[in-house]
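[1] Fold the stuff below for me.
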Amino acid sequence: MALELVDLVLLIKSKRNVKFLFLIDIKLTIIFNDDNIKLGDDNMKNLDNKGFTLIELLATIVILSVVLVIATMSVFKIINESKEKSKYASAREITSIAAAYLTAETDGVETIGEKKCISIKKLIENGYLEKDATNPATGENSFEGYENSKICKGDYTNQSGNKVGTNEEGELGYSFDDFYYVIVDSSNQPPDNEDSSVVDVTESEYYKYYRWNNTKLLGLSAEGEEYFKTNKELIIPEGTTEIADGALLVPYGYTGTIPNFQSYESSLNDIAEYNRKNNRLTGVTLTFPETLKKIGNFSFASLSATGDLILPNNIDEIGIYAFYSNNFNGNLKLPEKLEIIKDYSFGANQFTGDLLIPSGTKEIGYGAFHMAGFTGNLKLSQGLKKVGHYAFYMCNFIGDLVIPDSVTEIGVVSFGIGYTGSLTLSKNLTEIPQMAFVGTGFTGELYIPDNIKNIKYEAFRNCKNITSVSISSNTTYVEKQGTDETGMRIDVSFPSNVVIKKR
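    Sure thing, here's the model as predicted:
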């Protein structure tokens, strides 16, 4: 009896889905006799009817197996070396891109210690990096889960040459010159064998102080009302996804008139007076969880909250009057995902420091920051399109104001009062409405872009620190005092001391 094996095929599939096919052409004829086993070619003659013994055949098979294992290991080594070279090249390219970004841009640039850093997310958002570029952390063409990984420019003295290693914070990454790409960012990765997006709100020690509808916070419980009379750190439990309209504004068991939380004209006087008389939530600070996505209308209005207001980046909706009329006297940090800052949401506060409008924000509503304080610069990001009426009226911003070219519309009295530096207008504005910059302290020469065809009355009323205006001959503006259609007296567009230079 004989068994013939013709071709032995080895198929190897790598982690990157690259298939390697090995064809080993071995032609064996195995002859089974009564006393022995014989190996030979089809044309091979049986010599003295002697074949290989079973031991000899097994030894041959073992040798072939060892050869195959060595060949396979060599192939995988080649694959891995190729993959590492690709990851290394990608890391170098990304650090070069980051170097260019940190030189030319400011949006999203963080200062960590003495280092300037930019995230992968910002490089992609601003068109510096393709989202399907090779990820040095995985070798795949995706940065999912690594969006917050960062590239930092600093002195990494523990690196010897350009190689993969760890920086002084112990983060794994690639070092090139003075740039370091962190590919394992602990703030970006969930714990092992745990889904970090699923948090049971009922496990929080603060759960009992609130009323709930699943993960939606409805307001304080009776126990919560008592607890926060003496405990001034109001912590919203991890796992909370939404805060209801008027949640913290309306006390537990309140029997008075409750405002219509959908109305801009809602009167808060009754509840606000009740809260003041009872010293309710006076002087509390607010802490929000990363799981929070929505804050409802009037939810924290007319309280006496203080300190910083730091809003997590996952929040994509904040309602009208949400934090209106508090005593916040620290910094305000807005969520990256917040597309619309709604009417009066942060008005009537005493914030300090700078205000950065995130790059994801497209619209700022009516009175959104009206009388909100601030002692630093107002920084508007590229991507913003509309600034509503009274949006920043009566804030105390200093320094320059640059309205990015993405802005196509600003409202009445939108930037009135404040500022001590120059004003740069968007090239895509077509009109400057009445009193848009009333009472501001802008200095030097003001350039009016060609696209602006009309400057309404009193647009720059009392802006006496502006020395001159360069304006297109095609742009109209109010040169003389007069009356509007209702008979009300109106003033000129620019103060009398301003020199108008037509071009």
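
[2] contacts, neighbours, all on C-alpha from now
    Fine.

[3] Strands of the stretch 51-200 of the chain, residue ranges please.
    Using DSSP state E, counting those that start in this stretch, the strands of the stretch 51-200 of the chain run over 110-112, 115-119, 150-153, 164-166, 172-176, 179-182.

[4] Residue ranges of each domain in this structure, please.
    2-84, 87-188 (automatic domain parsing).

[5] I'd guessed Trp212 sits against Gly219; true?
    Yes - with contact defined as Cα atoms under 8 Å, Trp212 counts as touching Gly219 (7.5 Å).

[6] Pick out whichever of these two has more residues nearby.
    The neighbour comparison of Trp212 against Gly219 (other Cα atoms under 10 Å) goes to Gly219, with 23 against 19.

[7] Does the helix or strand hosting the more buried one pack against any helices or strands, and if so which?
    Using DSSP states H and E, Gly219 maps to strand 216-220. Applying 3 or more Cα pairs under 8 Å, 6 or more residues apart in numbering; DSSP states H and E, one finds that strand 216-220 makes contact with strand 210-213, strand 242-243.

[8] So which of these is nearest Ser74?
    strand 242-243 (55.0 Å; Cα to Cα).

[9] which of the domains of the chain has the lowest average pLDDT?
    Of all those, mean pLDDT reaches its minimum on domain 2-84 (a mean of 57).

[10] Now do the same for Asp270: helix, strand or coil?
    Asp270 carries the three-state label helix when classified by DSSP: H, G, I helix; E, B strand; the rest coil.

[11] ok, and the closest non-adjacent residue to it?
    Spatially, and ignoring its direct neighbours in sequence, Asp270 is nearest to Thr257 (6.9 Å; Cα to Cα, 6 or more residues apart in numbering).

[12] Count the residues that sit near that neighbour.
    12.

[13] what does the one 4 residues further on give?
    Number of residues near Phe261 (other Cα under 10 Å) recorded here: 19.

[14] Identify each buried residue in stretch 144-151, please.
    Neighbour counts over stretch 144-151 (16 or more other Cα atoms under 10 Å) mark Tyr146, Glu147, Asn148, Ser149, Lys150, Ile151 as buried.

[15] Let me have those in CSV, extended by distance to Asn135.
    Formatted as CSV, the buried residues of stretch 144-151 follow (distance: Cα to Cα, whole Å):
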residue, distance to Asn135
Tyr146, 9
Glu147, 10
Asn148, 13
Ser149, 11
Lys150, 12
Ile151, 13
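
[16] How about the secondary structure of His389?
    Here His389 is recorded as coil under three-state DSSP.

[17] Could I get the contacting residues of the nearest residue to it once chain neighbours are set aside?
    Spatially, and ignoring its direct neighbours in sequence, His389 is nearest to Gly411 (4.0 Å; Cα to Cα, 6+ apart). Listed by Cα atoms under 8 Å, 6 or more residues apart in numbering, the contact partners of Gly411 are Val387, Gly388, His389, Tyr390, Ala391, Pro433, Ala436.

[18] Helices of the stretch 101-250 of the chain, start to end?
    With helices called from DSSP state H, counting those that start in this stretch, the stretch 101-250 of the chain shows them at 120-125, 222-230.

[19] So which of the ones you listed is nearest Asn465?
    Of all those, helix 120-125 comes closest under Cα to Cα, at 36.9 Å.

[20] Extract the CA atoms of the closest one and return them as CSV.
    Taking C-alpha atoms only, helix 120-125 is exported to CSV below (Å, rounded to 0.1, in the frame of the first residue of the first chain):
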residue,chain,number,x,y,z
ILE,A,120,-3.4,64.7,18.0
LYS,A,121,-7.1,65.8,18.1
LYS,A,122,-6.2,69.4,17.5
LEU,A,123,-3.7,68.6,14.7
ILE,A,124,-6.5,66.6,12.9
GLU,A,125,-9.2,69.3,13.5
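
[21] Go ahead and name everything in contact with that helix.
    98, 101, 107-108, 129-131, 146-151.

[22] Throw those into CSV and include distance to Ile417, thanks.
    Formatted as CSV, these follow (distance: Cα to Cα, whole Å):
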residue, distance to Ile417
Ala98, 37
Tyr101, 34
Asp107, 25
Gly108, 27
Leu129, 39
Glu130, 42
Lys131, 42
Tyr146, 42
Glu147, 39
Asn148, 37
Ser149, 40
Lys150, 38
Ile151, 39
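
[23] So which of those is the closest to Ile490?
    Asp107 (39.7 Å).

[24] how close does that closest one get to Glu317?
    To Glu317, Asp107 is 22 Å away according to Cα to Cα, to the nearest Å.

[25] give the contact list for Tyr321.
    Asn297, Phe298, Ser299, Ala301, Lys342, Asp343, Tyr344, Ser345, Phe346, Gly347.

[26] Which helix or which strand is home to it?
    Judged by DSSP H and E, Tyr321 forms part of no helix or strand.

[27] Apart from its chain neighbours, what residue comes closest to it?
    Per Cα to Cα, 6+ apart, closest to Tyr321 is Ser345, 4.1 Å.

[28] Count the neighbours of the one you found for me.
    27.

[29] Using the three-state scheme, assign it.
    What three-state DSSP gives for Ser345 is coil.

[30] who touches it in this structure?
    Counted by Cα under 8 Å, 6+ apart, Ser345 has contacts Ile318, Gly319, Ile320, Tyr321, Ala322, Phe323, Tyr324, Gly367, Ala368, Phe369.

[31] Over to Ala272?
    Ser302, Leu303.

[32] Ignoring the adjacent residues along the chain, who's closest to Trp212?
    Leu218 (5.3 Å).

[33] contacting residues around the one you found?
    Listed by Cα under 8 Å, 6+ apart, the contact set of Leu218 reads Tyr210, Arg211, Trp212, Ile243, Ala244, Asp245, Ala247.

[34] Kindly report the same for Ala459.
    Residues in contact with Ala459 (Cα under 8 Å, 6+ apart) are Ile432, Pro433, Gln434, Met435, Ala436, Phe437, Val438, Ser493, Phe494.

[35] Then Asn428?
    With contact set as Cα under 8 Å, 6+ apart, Asn428 has these partners: Asp405, Ser406, Val407, Thr408, Asn451, Ile452.

[36] Just among the residues you listed, which is most surrounded?
    Top of the contacts of Asn428 by neighbour count (other Cα under 10 Å): Val407, with 22 neighbours.

[37] residues contacting that one?
    With Cα under 8 Å, 6+ apart, Val407 has these contacts: Gly383, Leu384, Lys385, Lys386, Val387, Ser426, Asn428, Leu429.

[38] Give me the pLDDT for it.
    97.

[39] what's the nearest residue to it if we skip its chain neighbours?
    Nearest non-adjacent residue to Val407 (Cα to Cα, 6+ apart): Lys385, at 4.0 Å.

[40] any idea how far Ser90 is from Thr230?
    55 Å.

[41] Looking at these two, which one has more neighbours?
    Taking other Cα under 10 Å, Ser90 and Thr230 do not tie; Ser90 has more neighbours (18 against 11).

[42] pLDDT (mean, whole number) over stretch 269-289?
    88.

[43] end to end, how far does that stretch reach?
    30 Å.

[44] buried stuff in it?
    Buried-residue list, stretch 269-289, by 16+ other Cα under 10 Å: 271-272, 275, 280-289.

[45] Tabulate those in a markdown table, adding columns for secondary structure.
    What follows is those, written out as a markdown table (three-state DSSP):
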| residue | secondary structure |
| --- | --- |
| Ile271 | helix |
| Ala272 | helix |
| Asn275 | helix |
| Arg280 | coil |
| Leu281 | coil |
| Thr282 | strand |
| Gly283 | coil |
| Val284 | coil |
| Thr285 | strand |
| Leu286 | strand |
| Thr287 | strand |
| Phe288 | coil |
| Pro289 | coil |
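
[46] which one of those is nearest Gly330?
    For these, the nearest to Gly330 is Thr285 (10.4 Å; Cα to Cα).

[47] which non-adjacent residue is nearest Lys293?
    Lys293 sits nearest to Ile315 (Cα to Cα, 6+ apart), 3.9 Å away.
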